[in-house]
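S.K.: here's my sequence, what's the structure:
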Amino acid sequence: MAVETAEGKYVYCLIRSEEPHEFTTLGIGERGDVVHTVNFMDLAAVVSSSPVKEYESTRRNMMAHTRVLEEVMRDFTILPVRFGTVAPSEEDVRKLLERRFGEFHGLLNEMEGKVELGLKALWYEGVIFDEIVKENTDIRRLRDALMGRPPEETYYERIRLGEMVEAAVWKKRDEDAEKILTPLRPIVRQTRANKIISDRMILNAAFLVDKEREAEFDQAVEKLDREMRHRIIFKYVGPVPPYNFVNIVVTWED
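M.R.: From the prediction side, this is the model:
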């Protein structure tokens, strides 16, 4: 006998809107459910019908969530809600808006007229290590001294070489990151530095920018690319939902 799953509301984001709205993007789960708003005064949650369940962070689910946000943010300032948030009922969504009305209003005011832009910068393969060896006499001498000698005989020297190279890479990373950030800081409202996830990565940052200055930011990134393209790759994305500047976590209380 099949077990029935309770039906709730999957919550994508919050917006400012007194009137109900429907959107064209299909909701998560590919059930064909209409994405719509649940309203309380001039706040609204963008939702779709969903079983009350945990959603796996698969690419398909994450993309379905993101596509809804991308459509909504074309016309509204949004507060993204954490992926996988499912309310037990529409009434629970309305109670959430009422309970945290002042908080959500304040966040919407902070995000009004702003966009998030993301920038990653990476050295080309091999560039940084060639530069470090060329510029650092001690590293170059130790590397040369180890050539042709058996690993078991040079174990501690190789560890020392690795430590020296790592320190030199971080020094270079800090220097290059500062060169990138210096012309961008006057344009942005806020900056969030995210985790460096590879040896080649220099910068992994998100920027909160006034919409009217987005073109100025674009031009600044293009200028950096022209000046540094011989050694650095830039990966620039946006505008995207302000994931790095808003983190709404929901608990369903009475």
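
S.K.: and this protein, what are its domain boundaries?
M.R.: 7-112, 115-240 (automatic domain parsing).

S.K.: closest to V249 out of those domains?
M.R.: domain 7-112 (5.8 Å; C-beta to C-beta). (Glycine included, C-beta is placed from N, CA and C.)

S.K.: wait, doesn't E71 sit right on T25?
M.R.: Yes: at 4.6 Å, E71 counts as touching T25 under the criterion of C-beta atoms under 8 Å.

S.K.: for this protein, which spans come out with low pLDDT?
M.R.: Under the criterion pLDDT under 70, the flagged ranges of the chain are 1-5, 30-32, 139-140, 142-146, 148, 150, 152-155, 157, 161, 253-254.

S.K.: helices of that one, start to end?
M.R.: 59-72, 90-99, 101-111, 127-135, 137-146, 155-184, 214-228 (DSSP state H).

S.K.: list the contacts for R200?
M.R.: Contacts for R200 were tallied using C-beta atoms under 8 Å, 6 or more residues apart in numbering; they are L122, W123, Y124, E125, I128.

S.K.: need the residues you listed in JSON lines with distance to I180 and neighbour count, can you?
M.R.: What follows is these, written out as JSON lines (distance: C-beta to C-beta, whole Å; neighbours: other C-beta atoms under 10 Å):
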{"residue": "L122", "distance to I180": "11", "neighbour count": "19"}
{"residue": "W123", "distance to I180": "12", "neighbour count": "23"}
{"residue": "Y124", "distance to I180": "15", "neighbour count": "13"}
{"residue": "E125", "distance to I180": "19", "neighbour count": "9"}
{"residue": "I128", "distance to I180": "15", "neighbour count": "22"}
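
S.K.: how about the contacts made by L119?
M.R.: So L119 contacts I180, L184, L203, A205, A206, F207, V221, F234, K235, Y236, V237 (C-beta under 8 Å, 6+ apart).
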